[in-house]
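Visitor: need the 3D shape of this:
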Amino acid sequence: MHDYQRPPTLHRYGPQSELELALRQGQFALRPVGGFLTLSFSQAWRRELFDHFGADSCLVIHNSEEFGERVHRAVQRTLPNWAGIDGAVEYGTRAALGAAFTMGTQDAIEQEWKFAWRPMHAQASLNPVVIRIGSLENFAEVRSRDFYPA
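Guide: Down below sits the predicted model:
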């Protein structure tokens with residue numbers, strides 16, 4: 001069980017075409033990072049993050065609990081012998097959740113919330129994996145950078 005609370009809202013900055021696909025089909029790519037497959041979001045809705053990530057849009061998820069559970073279920077179906085966890089990234093100090101959740105202070109602007117999975121057996125390949133969790137349209141939206149209130 002979780003001994004933490006997901007933030008109420010998650011943000012994923014990126015190209016509009018990719019985020020529209022995520023909104024309509026719940027399609028996300030898990031990327032290999034340091035022995036884990038990861039999927040990252042920001043806890044922040046900030047104008048400067050569009051530039052930081054080189055993004056023109058932001059997927060705003062208004063129900064992070066529902067979203068997180070759907071992501072973990074989809075990965076469990078796709079990668080049954082993998083263990084998953086999600087939590088806040090810590091900056092400039094070793095995270096209690098380990099190296100996958102530790103980043104340098106220069107990245108603190110991201111206020112990252114990360115989903116990470118590790119293989120339960122050593123010979124697992126760490127290639128990117130695409131998951132689909134179904135439409136997010138009932139609790140998410142894609143906003144352009146112009147949406148940001150002045």
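Visitor: what is the burial count for A100?
Guide: For A100, the tally of surrounding residues (other C-beta atoms under 10 Å) stands at 21. C-beta: built from backbone N, CA, C; applies to glycine.
Visitor: same deal with F41?
Guide: Using other C-beta under 10 Å, F41 has 26 other residues around it.
Visitor: try N127
Guide: As a burial measure, N127 scores 9 neighbours (other C-beta under 10 Å).
Visitor: over to Q106?
Guide: Here the number of neighbours of Q106 (other C-beta under 10 Å) works out to 9.
Visitor: you'd agree it is in a strand?
Guide: No - using DSSP: H, G, I helix; E, B strand; the rest coil, the secondary structure at Q106 is helix, not a strand.
Visitor: and L126, how many neighbours?
Guide: Neighbour count for L126, taken as other C-beta under 10 Å: 15.
Visitor: what is the top helix by length along the chain packed up against?
Guide: Ranked by residue count, the top helix of the chain under DSSP state H comes out as helix 64-78. Applying 3 or more C-beta pairs under 8 Å, 6 or more residues apart in numbering; DSSP states H and E, we find helix 64-78 packed against strand 82-88, strand 112-119, strand 129-132.
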